[in-house]
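Q: Here is my input; please provide its structure:
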Amino acid sequence: HVQVVESGGGLVQTGDSLTLSCVASGELICMALMGWYRRAPGESEREWIAYVSLEGNPYYADSVKDRFTISRDNGRYTMSLQMNNLRPEDTATYYCNAGPGRRVGRCDDDYWGQGIQVTVSS
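A: Numbers count the residues shown, from 1 in each chain. The predicted structure follows:
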């Protein structure tokens, strides 16, 4: 069973930087893909923003590309999201997500953290 816990959110100003961290526990095969989603105020759906493969290959949504950097440390079971040049539209609850990336019998398809708030003031 995998558990993921986010940390590092807060209130910042436009143009500031912030780093989110996610600490995971469980089998590495069940977290081959790790990523971040966010839900903006008033929105019902979570937006995918980035994920990183077990090999460290990153993928980004266009909305954050060139501003956010995702990375992971498999030895420490951690993942980070470095967010630069933050904008008010980045205000959201950010969720850490992990999953095997393919069907693995002893793994769930997705594991989610509780979410952490990031607020960017204008």
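Q: Quick one: classify E89 as helix, strand or coil.
A: Following DSSP: H, G, I helix; E, B strand; the rest coil, E89 is assigned to helix.
Q: if I pick it, what's in contact with it?
A: Residues near E89 by Cβ atoms under 8 Å, 6 or more residues apart in numbering: 40, 120. C-beta: built from backbone N, CA, C; applies to glycine.
Q: now do I116
A: 6-9, 20, 93-95.
Q: Distance of it relative to S21?
A: 9 Å (Cβ to Cβ, to the nearest Å).
Q: who touches both of these two?
A: What both I116 and S21 touch, as defined by Cβ under 8 Å, 6+ apart, is the set 6-8.
Q: and the nearest residue to G8 once chain neighbours are set aside, what helix or strand is that in?
A: Leaving aside its chain neighbours, G8 sits nearest to L20 (4.4 Å; criterion: Cβ to Cβ, 6 or more residues apart in numbering). Using DSSP states H and E, L20 maps to strand 18-25.
Q: which residues sit against the next helix or strand after that strand?
A: Following strand 18-25 in sequence order, the next helix or strand is strand 33-39 (DSSP H and E). Outside strand 33-39, the residues within contact range by Cβ under 8 Å, 6+ apart are 4, 20, 22, 24, 45-54, 70, 72, 79, 81, 90, 92-101, 115, 118.
Q: Select only the buried ones of these in ChimeraX?
A: Burial among the contacts of strand 33-39 is assessed by 16 or more other Cβ atoms under 10 Å; the matching ChimeraX selection reads:
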select :4,20,22,24,46,48,49,50,51,52,70,72,79,81,90,92,93,94,95,96,97,98,99,100,101,115,118
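Q: gap between the residue most central in space within the chain and R106?
A: Nearest to the geometric centre of the chain sits W36, at 2.2 Å (Cα atoms, centre = their mean). Noted for W36: a distance of 25 Å to R106, by Cβ to Cβ.
Q: Show the pLDDT at the residue of the chain most remote from its centre.
A: Relative to the centre of the chain, the most outlying C-alpha is that of G105, 24.2 Å out, by Cα atoms, centre = their mean. Looking at G105, its pLDDT is 88.
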